[in-house]
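Chemist: Predicted model and sequence follow; I will ask about them next.
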Amino acid sequence: MTVVTTLTDRRLLLVHAHPDDESIGTGSTMAHYAATGAHVTLVTCTLGEEGEIHVPELAGLAAAEADQLGGYRIAELATACAELGVTDHRFLGGAGRYRDSGMMGLSTNEHPRAFWGADLDEAAGYLLEIIREVRPQVVITYDDNGFYGHPDHIQAHRVTMRAVELAAAEGLAPAKVYWTAMPQSVLEAGLTHFAEASDNPFAGIADATELPFCTPDEEIAARIDATEQHAAKEAAMRAHATQIPATSWLYSIAGNFGAEFMGVEYFTLALGEKGPGSGPYGWESDLFAGVAAAASDAAGGPDVVGASGSRPVTPAGHR
Ligand SMILES: [Zn+2]
């Protein structure tokens with residue numbers, strides 16, 4: 001049977017390391033674009049087998065015991081995607097192809113399937129297949145430090161950038177590649193706000209610039225205000241119950257800052273041309289800013305036909 005899907009005119013591809021990263025880091029952005037008719041594709045590189053387990057009844061799933069956490073997290077991720085309204089989700093190379101490497105320097109980095117040890121071109125090849133099918137104009141991943149230094153996040157960055165390079169060689173370069181980031185001004189406001197709190201997530205941090213993901217405001221390219229989706233993001237995070245305790249400071253922050261904390265996400269632009277923006281640094285408010293015209297002009301770009309701006313395609317496989 002042939003499965004026919006439709007390429008909508010705005011297509012966003014996100015590459016994340018573990019189940020839960022999509023919700024914590026980019027959940028509102030994903031929900032915002034899904035709700036406004038863009039095609040949102042999530043690629044998760046590992047099953048997060050090495051995560052801590054915050055649900056006591058499920059402790060036996062841990063890597064050191066039954067080693068079934070990865071399978072359990074597939075279901076958590078499916079629920080999270082449903083909360084975000086995202087229907088196109090894949091695991092890089094298929095579920096279980098790459099294993100969570102654990103924190104930097106641990107022996108789990110050496111596991112034969114650890115994503116940290118993945119052959120770059122092989123892993124990028126899996127992503128290239130998805131790029132060929134989806135033809136995203138916008139790709140999101142992490143910076144070269146993986147936002148905070150976890151090996152799988154660094155590897156997700158490397159694999160994504162290599163896949164984009166390979167896609168460009170085929171005339172399929174996305175118009176833009178963004179990396180997740182936090183502006184210095186936002187972190188400074190957080191430090192000030194939480195200085196006196198008993199559950200201060202910034203305890204021990206004297207200056208925002210000590211945080212690996214702290215980015216000077218002038219280097220931020222896009223501020224995505226998806227505050228209308230903050231409840232979807234929170235629900236998606238709660239779907240990852242093994243990873244995020246119900247008492248997490250993430251939720252107490254959400255209670256205090258509400259929509260602003262949950263609903264606004266920031267990005268630097270790694271590749272492509274920045275579109276029109278506003279404010280002192282010209283921050284874009286839309287990841288597709290300046291893209292639509294370029295996409296239809298670009299040689300080798302998506303072959304968009306029809307008044308609706310969409311075209312049917314037959315993917316190589318179905319999900
Ligand atoms: Zn992660």
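Modeler: Great, that's in hand.

Chemist: what's the burial count for the closest residue to residue 286 other than its chain neighbours?
Modeler: Using Cβ to Cβ, 6 or more residues apart in numbering and skipping the chain neighbours, the partner closest in space to residue 286 is residue 275 (7.2 Å). Using the backbone N, CA and C atoms, a C-beta is placed for each residue, glycine as well. Neighbour count of residue 275, defined by other Cβ atoms under 10 Å: 21.

Chemist: again with the one 5 residues further on
Modeler: Other residues lying near residue 280 total 7 when counted by other Cβ under 10 Å.

Chemist: One more: residue 105?
Modeler: Quick note: residue 105 (other Cβ under 10 Å) scores 8 neighbours.

Chemist: cool, and the one 3 residues further on?
Modeler: Residue 108: 17 surrounding residues under other Cβ under 10 Å.

Chemist: Grab the nearest non-local neighbour of it.
Modeler: Nearest one to residue 108, counting by Cβ to Cβ, 6+ apart, is residue 102 at 3.3 Å.

Chemist: for residue 68, same thing?
Modeler: Spatial nearest neighbour of residue 68, excluding adjacent residues (Cβ to Cβ, 6+ apart): residue 61 at 4.4 Å.

Chemist: Repeat that for residue 165.
Modeler: Closest residue to residue 165 apart from its sequence neighbours, by Cβ to Cβ, 6+ apart: residue 124 at 8.0 Å.

Chemist: separation between residue 102 and the ion?
Modeler: 11 Å (Cβ to the ion, to the nearest Å).

Chemist: give the contact list for that residue.
Modeler: Counting by Cβ atoms under 8 Å, 6 or more residues apart in numbering, residue 102 touches 50, 108, 109, 114, 151.

Chemist: Out of the residues you listed, which sit inside helices?
Modeler: Using DSSP state H, residue 151 are the members of these that sit in helices.

Chemist: Give me the ChimeraX select line for the contacts of residue 102, limited to the buried ones.
Modeler: Those of the contacts of residue 102 that count as buried under 16 or more other Cβ atoms under 10 Å are selected in ChimeraX with:
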select :50,108,109,114,151
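
Chemist: Output the contacts of residue 102 in JSON lines; the columns should cover pLDDT and distance to the ion.
Modeler: Shown next, in JSON lines, are those (pLDDT from 0 to 100; distance: Cβ to the ion, whole Å):
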{"residue": "50", "pLDDT": "98", "distance to the ion": "10"}
{"residue": "108", "pLDDT": "97", "distance to the ion": "14"}
{"residue": "109", "pLDDT": "97", "distance to the ion": "14"}
{"residue": "114", "pLDDT": "98", "distance to the ion": "14"}
{"residue": "151", "pLDDT": "98", "distance to the ion": "10"}
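
Chemist: re the thing from before, are we agreed that the residue nearest to residue 165 is in a helix?
Modeler: Yes - checked against DSSP: H, G, I helix; E, B strand; the rest coil, residue 124 lies within a helix.
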